[in-house]
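> generate coordinates for the sequence data below:
(one chain, ligands or ions: 1)
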Amino acid sequence: MSDPKRYWQPEAETASRDQITAWQSERLVSTVKRVYQNVAPYRDRMDAAGVRPEDIKSVDDIRKLPFTTKQDLRDFYPFGLFAVPMEQIARLHASSGTTGKQIVVGYTQNDLDIWGDIVARQLTAIGLSPRDKVHISYGFGLFTGGLGIFEGARRMGATIIPVSSGNTERQITILQDFEPACIACTPSYAMYIAETMEKMGVDAKKLPLRCGVFGAEPWTEEMRRQIEQKLDIKAYDIYGLTEIMGPGVAYECECQAGMHVNEDHFIIEVLDTETGLPVKDGEKGEIVFSCITKEAFPILRYRTKDIGAVTHEKCACGRTFVRMSKPMGRTDDMLIIRGVNVFPSQIETVLLKTGHSPNYQIEVDRVNNLDTIAVRVEMNEATFSDTVSEISQRERALAEAIKSLIGVAVKVILVSPGSIERSTGKAKRVIDHRKLH
Ligand code: DLL
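Next up, the predicted model:
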């Protein structure tokens, strides 16, 4: 059992399963009633599906409700799914995503307070206190990353350094001079910061930085190990999405063994992508979330397209919320190469396990009706060579290792160090030249 000081809201974080189910049932029933009354598109959908609010009596009835998708958010852009009048909206956030029109979400002041609490749960779990400073390098703006972590750090009383992203050398000077205990940014930006530190001759071990809160994009366990080693910190995962709240929908505790879903505010379902039926604990499926305490934007059964699994097994930290795995990718990130499903994260795993650089890009094309996949990877100190024959031998070896994991032949191109564009936010790992849509 962990130190009680490490819980922000112990009554919720360590509640019994019966208590969590009771909260979920009661809150789902009242949310369904509220959206039916206040949000015309939900009412129309439920009417069309023949579901009345009184049919939803407990959390077990959630499957009677229709799904909500990103397309619905676009169809009712910008404010058509809001459940309160605009004068009660305290803030708007938006996300453009990689394709299509942006989506807009709203928060009441109460929603923002809850957001602060759920992020504060993680900051407290990983050992931070009001004596600590939190350096936030997620972008501040309509993106939820910067202001979401800000809400949590403010709620738990830490000293906030709202740097936002970019200007990496300045970030490093701030890390040295202001001495934060925690940094929050995307994992790819953490790697970039580490690399820039090395170039500047800054020794990460000399900084008082202890931990980082990384998310907003898929990252592998190998990437975690590299960040921890290069920055000399503990690297924790945080998950979330604009549609549901932003960062903090699920959070890793000190055990680093999956992310606790804040089940007193969100209901998670993991569904078989083909049948739409729930999968068992530990099995992968599409993650679907319902918000049960949100006032402004209480989205129900939102299909996230993220692929992950949950476990109800007890966590050594004493928290009772289910844990979700690192999302291994999104159904829409999944590349189908000659009929085989390939996730960029699988390729990243091979790269890092074989000592290659984490700076890579995957290029997909279709040549003479055949899908081709090329992986460009920067050479690093361990893999560098200026001999053509040696480079091509390394390319072949890496291509073989990737093929044996994903089952599809790939072309590997080793490129010079520093030649792949760095990202200060979400990294762009895949360029798909096929015109499939
Ligand atoms: O990325 C919110 C966020 C900000 C989360 C900062 C964590 C930290 P969106 O821009 O709407 O919101 O993107 C949401 O990013 O559906 C996942 O595909 C992906 N994602 C978010 N967190 C993780 C994570 C923010 N820890 C989409 N691991 C989600 C893997 C993640 N993927």
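> list phi and psi for residue 137.
phi -110, psi 10 (degrees, to the nearest 10).
> could you number the chain from 23 rather than 1 from now on?
Noted, 23 is the first residue going forward, which turns the last one into residue 159.
> which non-adjacent residue is nearest it?
Leaving aside its chain neighbours, residue 159 sits nearest to residue 207 (3.8 Å; criterion: CB to CB, 6 or more residues apart in numbering). Yep, even glycine has a C-beta here, placed from its N, CA and C like the rest.
> isn't that neighbour right up against residue 239?
No. Under the contact definition of CB atoms under 8 Å, residue 207 does not touch residue 239, with a separation of 10.5 Å.
> who's more crowded, the two?
For residue 207 versus residue 239, the count of surrounding residues by other CB atoms under 10 Å is larger for residue 207: 29 against 17.
> number of residues surrounding the residue of the chain found nearest the ligand?
Scanning the chain for proximity to the ligand using CB to the nearest ligand atom identifies residue 237 as nearest, at 3.0 Å. If you count neighbours by other CB under 10 Å, residue 237 ends up with 28.
> what about the nearest residue to it once chain neighbours are set aside, which SS state?
Leaving aside its sequence neighbours, residue 237 sits nearest to residue 260 (CB to CB, 6+ apart; 4.0 Å). Three-state assignment for residue 260 (DSSP: H, G, I helix; E, B strand; the rest coil): strand.
> specify the beta-bridge partners of residue 260.
Bridge pairing for residue 260 (DSSP bridges) gives the partners residue 237, residue 273.
> picking that back up, my guess is the residue of the chain closest to the ligand meets residue 261, correct?
Yes. Here residue 237 reaches residue 261: they are 5.5 Å apart, a contact under CB under 8 Å.
> shared neighbours of those two, which are they?
By CB atoms under 8 Å, 6 or more residues apart in numbering, residue 237 and residue 261 have these common neighbours: residue 269.
> and this protein, which residues reach the ligand?
For the chain, the residues in contact with the ligand (CB under 6 Å from any ligand atom) are 117, 160, 166-167, 170, 237-240, 259-264, 268-269, 326, 328, 348-349, 352.
> return the residues in contact with residue 359.
Listed by CB under 8 Å, 6+ apart, the contact set of residue 359 reads 386, 393, 395, 430.
> sorry, back to before: what residues are bridge-paired with the residue nearest to residue 159?
Beta-bridge pairing for residue 207 (DSSP bridges): residue 236.
> lowest-pLDDT helix or strand in the chain?
One helix or strand of the chain scores below all others by mean pLDDT, DSSP states H and E: strand 351-352, with a mean of 82.
> what sits up against that strand?
Outside strand 351-352, the residues within contact range by CB under 8 Å, 6+ apart are 240, 326-329, 365-367.
> rerun that using 10 Å as the cut-off
Under the criterion CB atoms under 10 Å, 6 or more residues apart in numbering, residues 120, 240, 308-309, 326-330, 357, 363-368 lie in contact with strand 351-352.
> which of those has the most neighbours?
The member of the contacts of strand 351-352 surrounded by the most neighbours (other CB under 10 Å) is residue 309, with 27 neighbours in all.
> give me the element that one is part of.
Under the criterion DSSP states H and E, the helix or strand holding residue 309 is strand 307-313.
> can you list the domains in this structure?
The chain breaks down into these domains under automatic domain parsing: 23-352, 357-454.
> deepest of those, which one?
Of all these, domain 23-352 has the most neighbours on average by mean count of other CB atoms under 10 Å, namely a mean of 19.
> please tell me I have it right and residue 347 contacts residue 281.
Yes. When contacts are counted by CB atoms under 10 Å, residue 347 is listed as touching residue 281 (8.0 Å).
> now the common contact residues for those two.
Here residue 347 and residue 281 share the contacting residues 259, 261, 272, 330, 332, scored by CB under 10 Å, 6+ apart.
> so which residues of the stretch 173-322 of the chain form helices?
Counting by DSSP state H, counting those that start in this stretch, the stretch 173-322 of the chain forms helices over residues 190-200, 209-222, 243-253, given from the N-terminal end onward.
> can I get the ones you listed in a markdown table including mean pLDDT?
Formatted as a markdown table, the entries for the helices of the stretch 173-322 of the chain read as follows, by pLDDT from 0 to 100:
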| stretch | mean pLDDT |
| --- | --- |
| helix 190-200 | 98 |
| helix 209-222 | 95 |
| helix 243-253 | 96 |
